[in-house]
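J.: sequence and computational prediction follow.
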Amino acid sequence: MKRLLLFLGVILLTSSMSFSQIIVSGISPASIAGNYAFEYGATNQAWGNSHIDDPAYAIQDELVLFVEADGGNLGCTAAANGGDIAGHIAILFRGNCEFGKKALEAQNAGAIGCIIINNVPGAPVGMNGGASGATVTIPVVMISDIDGASLLAEMQNGPVVMFIGNKLGLFPNDLTINPNAIYRPQFSSIPSAIAEDGSDYTIKFGGTVYNFGSNDQSDISLNAVITFNGTEVYNETVTSSDLLEAGDSVDIFLPDFAPTSWAEGYYHLEYTASTPNTDDDPQDNTITSDFVISPSDFSYASIDETTFAPKSSGGSRPIDGSGNPIPYYSQCVNFMSPKASKLAPVSLTFTAMKGSAATNTSMEGEPLMISMYSYDDQFTTIEDAGFANPISSFYELLNTSFDVLEDTSSVTMTANFNPSEIFALDDNQRYLFCVTTFNTEVYFGTDPDKDYNGNLGLYLQPMFPVEAGQGSFNPNGFGPETVPGISVTFIPAEQVSLAKEEMNITMKAYPSPASEELNINFNNYDVNSVELINTVGQTVLTQSVKNNANSTALNVSGLDNGMYIVRVSLTNGMKHTMSVVVNH
């Protein structure tokens, strides 16, 4: 259960996730089947007792969209379609009134349960019942905006049936492994320069297997398989001899994977829990946690196998003790390596977005900032006395401010540090890489597929610090389950001087804006090729250049209007980039 919002007077960020057999699960049709991330209205949050943790009170029924007299779906006034809602699960949107008020209106309409869809990007948030919550006795849950959109879209095709409640004993045979109770690779992407072999980068395996069935289970097995380029490079299974009684759990650990050398590329890791008995609910028996040995990139977020960009499908941001968003907000990742001196950081890739209710949903012109800090608190693990919250000692090393060029409401972008300022890192020094907004309506993307709760207990290191108010860094951030969709791109340390030399290259691209033809003057540099790249990193035009040519022209008549990057590759291996605009 995720708690993504932060309640801050001073910099006190809280996060909790504990495994629970309470689930929100799609039953039918097959397109929506599976478990959903959710928050629920608990009695300690000013809600009445819905008995959601008691299997006897679990509900399973069809979803019905709550409709008000004015056609709205917020549940702030009485339902106009109470006859349709009665006996079913009402679904409506967050916004405009207290959560308890929404749920009470659904209950008054005869609903047996209530699902609230988040109205801002990202995961569901904690819900306080408010003035009406104590009179609500039906289960109330919140799901993400993306999950909500999927359910509503499927409801257009026919009935959608959901299960809400404690599934303990629901099935005779029901093993589960939970995303927050496994060991994952320490990073989803790590540069090969600091992961040459197993002594640099070892994958550890283990997980907790739960028995939520009504039958006791024996011979519980946990298997882990890693495949690379279609070939298995690791396949181990460990079977527990313990009798796993109904409602109990067992921890199982597998051998480490420490290869003699790592090859760059995409690795697929899959965990599977099993017993000799056929599982009656097998959808939660398997978890994947893929990772990449990269030429240049570091990230905790899942990596897209095609684009190799960090995945991000929602957002998060902090609020203060009164529930108000904090304007100065930085989302950060922690980095430290005994071989860090091989690397120099050049850019950050991340996603920024606004919700549909924002004053201005466009991101165009939005000021953002990327930074790197030394994280200087002295500690070995987060259990040491030197581990401070908030972070007490840090120093800004790199900083670049810029305005977003895209006009969409959700933008994945790469921002560069000033080439003249980049430098090689120090071994065994903690660093924070951060992206910052000054607007309460801007969210930074998070990865919904990774949960590092298991890793937190294994490695005992901070991962995702958050700055909420300038200079107030909490090393715990929103918790290990809220993974920033950030990747850091490095170059080899020996190329730092080359990067600074590249900065001094002067060329000209004109006209800008260009309508039909874009001319590139090479200023007497020897050039191999020219590429035109859009703002999401896709190469849209490539052109070879003849020896000794001093200029070339690109036909841009077929391109969309917008900002592009011209990347010129020189014969000596250096590169030069320029920004241009296409406008027909």
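T.: All right, it came through fine.

J.: closest to the centroid, which residue in the chain?
T.: Central residue of the chain (Cα atoms, centre = their mean): D447, 1.4 Å from the mean position.

J.: and that one, how far from S25?
T.: Per Cβ to Cβ, to the nearest Å, D447 is found 22 Å from S25. (Each C-beta comes from the backbone N, C-alpha and C, glycine too.)

J.: do D251 as well
T.: Taken as Cβ to Cβ, the span from D251 to S25 is 25 Å.

J.: how long is stretch 417-425 end to end?
T.: One end of stretch 417-425 to the other measures 14 Å (Cα to Cα, to the nearest Å).

J.: whoops, I mixed them up, stretch 226-236
T.: With Cα to Cα as the measure, stretch 226-236 spans 9 Å from end to end.

J.: any buried residues in that stretch, and which?
T.: For stretch 226-236, a neighbour-count test (16 or more other Cβ atoms under 10 Å) marks 226-228, 234 as buried.

J.: okay, D251 and S25: which has more neighbours?
T.: S25 (21 against 12; other Cβ atoms under 10 Å).

J.: so the more buried one sits against V161, correct?
T.: No: S25 is beyond contact range of V161, at 9.8 Å (criterion: Cβ atoms under 8 Å).

J.: tell me which element K102 is part of?
T.: Assigned by DSSP states H and E, K102 falls within helix 99-108.

J.: quick one: residues in contact with that helix.
T.: 41, 46-47, 66, 74-79, 82, 85, 90, 92, 94, 114, 116, 127-138, 140, 142 (Cβ atoms under 8 Å, 6 or more residues apart in numbering).

J.: for S512, which non-adjacent residue is closest in space?
T.: Among residues not flanking S512 along the chain, V580 sits closest, at 4.5 Å (Cβ to Cβ, 6 or more residues apart in numbering).

J.: contacting residues around that neighbour?
T.: Contact analysis of V580 by Cβ under 8 Å, 6+ apart lists 509, 512-514, 518, 563-566.

J.: nearest to P462 among these?
T.: P462 lies nearest to I565 out of these, by Cβ to Cβ, at 34.0 Å.

J.: give me phi/psi at that closest one?
T.: I565 adopts backbone torsions of phi -110, psi 130, taken as degrees, to the nearest 10.

J.: which residues does it bridge with?
T.: Going by DSSP bridges, I565 is paired in beta bridges with I533, S579.

J.: and it, how many neighbours does it have?
T.: I565, neighbours per other Cβ under 10 Å, totals 17.

J.: who's in contact with it?
T.: Going by Cβ under 8 Å, 6+ apart, I565 touches 532-535, 577-580.

J.: how much space between it and T535?
T.: Applying Cβ to Cβ to I565 and T535 gives a distance of 8 Å.

J.: that older thread, I'd like the buried residues of stretch 226-236 laid out as JSON lines, including pLDDT and distance to P310.
T.: Below are the buried residues of stretch 226-236 laid out as JSON lines (pLDDT from 0 to 100; distance: Cβ to Cβ, whole Å):
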{"residue": "I226", "pLDDT": "98", "distance to P310": "21"}
{"residue": "T227", "pLDDT": "98", "distance to P310": "21"}
{"residue": "F228", "pLDDT": "96", "distance to P310": "20"}
{"residue": "Y234", "pLDDT": "98", "distance to P310": "24"}
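
J.: in the stretch 451-584 of the chain, where is pLDDT below threshold?
T.: 497-501, 503, 536 (pLDDT under 70).

J.: hey, where'd the helices end up in it?
T.: With helices called from DSSP state H, counting those that start in this stretch, the stretch 451-584 of the chain shows them at 453-459, 496-503.

J.: and for the stretch 201-350 of the chain?
T.: With DSSP H, counting those that start in this stretch as the definition, the stretch 201-350 of the chain shows no helices.

J.: pLDDT below threshold where in it?
T.: For the stretch 201-350 of the chain, counting by pLDDT under 70, the residues that fall below are 314, 323.

J.: quickly name whichever of the buried residues of stretch 226-236 is closest to I287.
T.: The closest of the buried residues of stretch 226-236, once distances to I287 are taken by Cβ to Cβ, is I226, at 13.4 Å.

J.: doesn't P255 make contact with that closest one?
T.: No: using Cβ under 8 Å as the test, I226 is too far from P255 to be in contact (12.0 Å).

J.: for L460, what are its contacts?
T.: 381-383.

J.: kindly report the same for G365.
T.: Counting by Cβ under 8 Å, 6+ apart, G365 touches 403-404.

J.: so how far is M413 from it?
T.: Counting by Cβ to Cβ, the gap from G365 to M413 is 13 Å.

J.: got it, and T135?
T.: For T135 relative to M413 (Cβ to Cβ), the value is 46 Å.

J.: the more surrounded of these two?
T.: Applying other Cβ under 10 Å to T135 and M413 shows that M413 carries more neighbours, namely 20 against 14.

J.: am I right that D147 sits in a helix?
T.: Yes: checked against DSSP: H, G, I helix; E, B strand; the rest coil, D147 lies within a helix.

J.: surely it and G26 touch.
T.: No: counting by Cβ under 8 Å, D147 sits too far from G26 to count as a contact (9.1 Å).

J.: which neighbours do these two share?
T.: Jointly contacting D147 and G26 under the rule Cβ under 8 Å, 6+ apart are Y36.

J.: so these two - more neighbours on which side?
T.: Neighbour count, other Cβ under 10 Å: between D147 and G26, D147 has more, with 25 against 22.

J.: need the contact list for the nearest residue to that one once chain neighbours are set aside.
T.: Spatial nearest neighbour of D147, excluding adjacent residues (Cβ to Cβ, 6+ apart): Y36 at 5.2 Å. Counting by Cβ under 8 Å, 6+ apart, Y36 makes contact with 24-26, 143-144, 147.

J.: what's the end-to-end length of stretch 543-557?
T.: End residues of stretch 543-557 are separated by 15 Å (Cα to Cα).

J.: hang on, the earlier thing: helices - which of the contacts of Y36 land there?
T.: Within the contacts of Y36, residues falling in helices by DSSP state H are D147.

J.: quick check, nearest of the contacts of Y36 to N180?
T.: For these, the nearest to N180 is V24 (15.8 Å; Cβ to Cβ).

J.: list the contacts of D297.
T.: D297 sits next to 189, 191, 303, 308, 349, 487-490 when contact means Cβ under 8 Å, 6+ apart.

J.: of all these, which two lie farthest apart?
T.: Farthest-apart pair in those is I303 and F490; separation 15.2 Å (Cβ to Cβ).

J.: if you count surrounding residues, which of those two has more?
T.: The neighbour comparison of I303 against F490 (other Cβ under 10 Å) goes to F490, with 25 against 22.

J.: look up how far Y375 lies from the more buried one.
T.: Distance of F490 to Y375, computed by Cβ to Cβ: 17 Å.

J.: and for I303?
T.: 24 Å.

J.: the closest residue to A424 other than its chain neighbours and E196, how far apart?
T.: Take A424 and drop its neighbours on the chain: the residue closest to it by Cβ to Cβ, 6+ apart is A493, 3.6 Å away. Separation of A493 from E196 (Cβ to Cβ): 15 Å.

J.: H268 too?
T.: 21 Å.

J.: ok, now A30?
T.: Distance of A30 to E196, computed by Cβ to Cβ: 44 Å.

J.: which of those two has more residues huddled nearby?
T.: For A30 versus E196, neighbours defined as other Cβ under 10 Å are more numerous around E196 (15 against 8).

J.: fine by me, we can end here.
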